[in-house]
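Peer 1: Next comes the sequence, and after it the predicted model I'd like to discuss.
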Amino acid sequence: MSDTKKIMIGKLLRSDNTGFVAGCRVSELQAPTFGALVKVPIENGTEIYGLVSNISISDDGLVRQIVSGVSIPSEYIADNRYNRNLPVEISVLAVGYQEKERIYHLLPPRPPLSLDSIYLCSQDELCNFTSAGHFGYFRHILRATDLPIGELLAAHLKDARSAHDSKGDEIWLNNAAQELITFLRDDYQTLMSVLGALADF
Amino acid sequence: MKNSTNQPSNPKNPAIGYVVGGGLQEDLQVRLNIPAQEVQEGAFVVLESGDWRFYGLVTDLQLGATDPRFADEQSENRLPAQLAALLHGQTLYTNLSVLSALMMEIGPEPGTLGYESWRSAHLDAPTHPIPVKTVPRHHAEVRLADVSDIAEIFGEENGKEIFRIGETREQGHAVCIDLDKFIQRSSGIFGATGTGKSFLTRVILSGLIHADHASALIFDMHNEYGPDDTASDTGLPVPGLRNKFTSKVRLVGLGANATFRSTQTDFNLEIAESDIRPEDILMLVSELNLRETTASTLSALEKGFGASDWFHKFRNMRVNATIEDEANEGKRIPAPDSVAAWADQSGINVMAAEALHSKLGRLFGKRYIVEAPAADTLSEIIKLLEDKKHIVLSFSDYTTDLDYLLVTNLITRRIRAAWEVKTNNFRSGKAEEPRPLVVVVEEAHKLLNREMASQTTFSTIAREMRKYYVTLLIIDQRPSQIYDEVMSQLGTRISGWLGDEDDIRAVLSGLAGRQALRGMLARLQPKEEVLMLGWGVPMPIPIRSRRYDQGFWEELLGKKANPKKIDRDQLNKEMGF
């Protein structure tokens, strides 16, 4: 978790206990992906973890004007991408926090504040977070019924599996799938849509 | 999956599941966590619940799903194999229904805090399995019984009264029966024809004779048990009891000329006319199709000639014999030695007396009923039984029901009288304790059916002779034909396959868990498997019965170099007297 490898992906726009929204420039959009684990350090060394649950790009009057033009010169597109003052919005679902070296799969005690930096987690951090405890953070995902839960889980498990595989832990995915089935076995619809998404890895 | 054990698992005998529900009224439900085909109906299982251990019998297996749609949908076609396996592992399952029968306090684990105090409290009184009075806790670990569990419940073969009768069906662990307990009350061996009933009977009789704690009187209607025989299906020789226990068993044939293939009889039974009492005839009412007037005719005969002479006298009376009455102008009147003359004289209806005479003609023609037998063989049988010998009475060619009913009743009546006297003498301190006696009755429904049961000595034995040291071993293929009151008195019941609903109901009458055992009885493998149940066995269990072959005899007789001396007091105590 060395700071040198920290990849900042944006600054916080707004937040609450269950999640937050960060903004970044269009030109910075290479790093965050749907389902990626991100973190926001707050005071006292506490770090809040979340999963990228949505990335949205809004339009504005200028874009509308350009789009409605007959032909769009490439400089216009480049200018819009690099100089645009409307941020890309990255929605993050809070799934846990780390306090004094210990990871909790609980909602953070306080939300992060505006303009706090948000970073992409490293492979090590991803492994640490996902193997701490017993998949308690699935609760937060499964509760977010307005999100495409299956797709979010599939994206997250795909990321995490490759991180665990690279460390030689090949049964992690199995355990995760097992736990998901346990959580969802009374909800046929959701479970089948989650498993269907996992099957498409 | 989370390990829900209460006790450290035994690596050699891993858990097969855990308790998820049920109760005393209905079976316990056990979630199986091994493939269903590794457990069968009738499997003997052990449930570990803290300080208590429960013993039960698998009576049913049921497929279940957390949601019926998981079962409906063939998700293995939609999902990768690994994911489908995980899904099925959690949403589809098999539940065992377990009929819990016994429980035993085993105390805390050795080495734990409470163990020492528990152990010192139970030092003098080791715990025994007792009938279940409660249920194991949720998630109690369930495993298949191993050798030591079965030995704990059914005892360990000791070459004497703890007799191996077969093996458990899956793992082949030896299952024993306590023969002393078996003969302490009347018992029954049942099974449709061809289910190995007579082989099982041979095995048990061999065990009884070998243990030698009770005399056996075997009414061998089909000449199967005493003489050597040949198996009807395999054609292999089947050794008889006479030649295997030469010093203990006497083979008695019925009638002066009785012979059995290669086996010699020790002596032959002839019945003296004086041995036949009117009550012996009354038992043949339906067999001989006797009328209601029979009783009064017989009582007049007894009154006129005495209980021991009447048969001889009546047999020699003539029917339709007339003479000229000189005093009455030569009118024909019944001859003085005719039935009619006697009837007139005794105030009995002539037609009734003549009808009885003609119907008793079937008895008069029996060659084993003689006026004066060469020896009192009937008393000899009783003497031998008292003398700790075992008797096989083979009926030779006299195979009709009439022979069977008459002879068995006659002998049993004598035995009953003899043992009652002996017991009363013993109780009043005048004689030593009578030798327990087991009367083995084949085709028992002929003697113990609804009509006969009220009259024959057998029903009395089944009901009350336990106190007089006499019990029955009933062998039958139609238990439903046996009078309920007799069936309900049977302590141990060992049954092979039965197809008829009524027969199954009869065998299970008066037992707990009938519904569960019913299916088990109907699904036994013919020729091999039997279900043991009732008072004489600690809990019902289906077993593969021991084979009656060369190996059996080697095991039984080969190791008897030093037969253990039986302590009489110990024996009596064990037998509950």
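Peer 2: Good, I have the coordinates. Numbering: from 1, shown residues only, chains lettered A, B, ... in the order given.

Peer 1: any idea how far the spatially most central residue of chain B is from A:I149?
Peer 2: Nearest residue to the geometric centre of chain B (Cα atoms, centre = their mean): B:G188, 2.1 Å. Using Cβ to Cβ, to the nearest Å, we find B:G188 at a distance of 64 Å from A:I149. Using the backbone N, CA and C atoms, a C-beta is placed for each residue, glycine as well.

Peer 1: before we move on, back to that, am I right that the residue nearest to the centre of chain B falls within a helix?
Peer 2: No. With DSSP: H, G, I helix; E, B strand; the rest coil as the criterion, B:G188 is strand rather than part of a helix.

Peer 1: what bridges to it?
Peer 2: Beta-bridge pairing of B:G188 under DSSP bridges involves B:I474, B:R493.

Peer 1: okay, it: pLDDT?
Peer 2: What the model reports as pLDDT for B:G188 is 93.

Peer 1: I figured it was touching B:S488, is that so?
Peer 2: No. Between B:G188 and B:S488 there is no contact under Cβ atoms under 8 Å: 11.1 Å.

Peer 1: A:A31 contacts A:G10, doesn't it?
Peer 2: No. Using Cβ under 8 Å, A:A31 is not in contact with A:G10, being 9.0 Å away.

Peer 1: Counting neighbours, go ahead and name the busier of those two.
Peer 2: Neighbour comparison, A:A31 and A:G10: the larger count goes to A:G10, with 26 against 15 (by other Cβ atoms under 10 Å in any protein chain shown).

Peer 1: got the contact list for the more buried one?
Peer 2: A:22-24, A:28, A:32, A:87-88, A:90, A:117-118 (Cβ atoms under 8 Å, 6 or more residues apart in numbering or on different chains).

Peer 1: Which one of the residues in the stretch 201-350 of chain B is closest to chain A?
Peer 2: B:V203 (51.0 Å; Cβ to the nearest Cβ).

Peer 1: What number of residues are in the vicinity of that residue?
Peer 2: Residues near B:V203, counting by other Cβ under 10 Å, number 21.

Peer 1: does it sit in a helix, a strand or a coil?
Peer 2: helix.

Peer 1: Tell me who's in contact with it.
Peer 2: B:165, B:545-546, B:548, B:552.

Peer 1: Can you tell me how far it is from B:A84?
Peer 2: For B:V203, the distance to B:A84 - Cβ to Cβ - is 50 Å.

Peer 1: Let's have the contacts of A:G10 in JSON lines, adding pLDDT and secondary structure.
Peer 2: Shown next, in JSON lines, are those (pLDDT from 0 to 100; DSSP: H, G, I helix; E, B strand; the rest coil):
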{"residue": "A:A22", "pLDDT": "94", "secondary structure": "strand"}
{"residue": "A:G23", "pLDDT": "92", "secondary structure": "strand"}
{"residue": "A:C24", "pLDDT": "89", "secondary structure": "strand"}
{"residue": "A:E28", "pLDDT": "77", "secondary structure": "helix"}
{"residue": "A:P32", "pLDDT": "85", "secondary structure": "coil"}
{"residue": "A:P87", "pLDDT": "86", "secondary structure": "coil"}
{"residue": "A:V88", "pLDDT": "90", "secondary structure": "strand"}
{"residue": "A:I90", "pLDDT": "94", "secondary structure": "strand"}
{"residue": "A:S117", "pLDDT": "93", "secondary structure": "strand"}
{"residue": "A:I118", "pLDDT": "94", "secondary structure": "strand"}
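
Peer 1: Among those residues, name the buried ones.
Peer 2: Neighbour-count burial (16 or more other Cβ atoms under 10 Å in any protein chain shown) applied to these gives A:22-24, A:28, A:32, A:87-88, A:90, A:118.

Peer 1: Of those, which is the nearest to chain B?
Peer 2: Distances from chain B to the buried ones among the contacts of A:G10, taken by Cβ to the nearest Cβ, are shortest for A:P32, at 27.9 Å.

Peer 1: Nearest spatial neighbour of that closest one, chain-adjacent residues omitted?
Peer 2: Using Cβ to Cβ, 6 or more residues apart in numbering or on different chains and skipping the chain neighbours, the partner closest in space to A:P32 is A:I9 (4.6 Å).

Peer 1: element containing that neighbour, please.
Peer 2: Assigning secondary structure by DSSP states H and E places A:I9 in strand A:7-16.

Peer 1: buried set for that strand?
Peer 2: Under 16+ other Cβ under 10 Å, the buried positions of strand A:7-16 are A:9-10, A:12-13, A:15.

Peer 1: Run the chain-centre distance for that strand.
Peer 2: Here strand A:7-16 is found 11 Å from its chain centre; the criterion is Cα atoms, centre = their mean, to the nearest Å.

Peer 1: Fine by me, thanks again.
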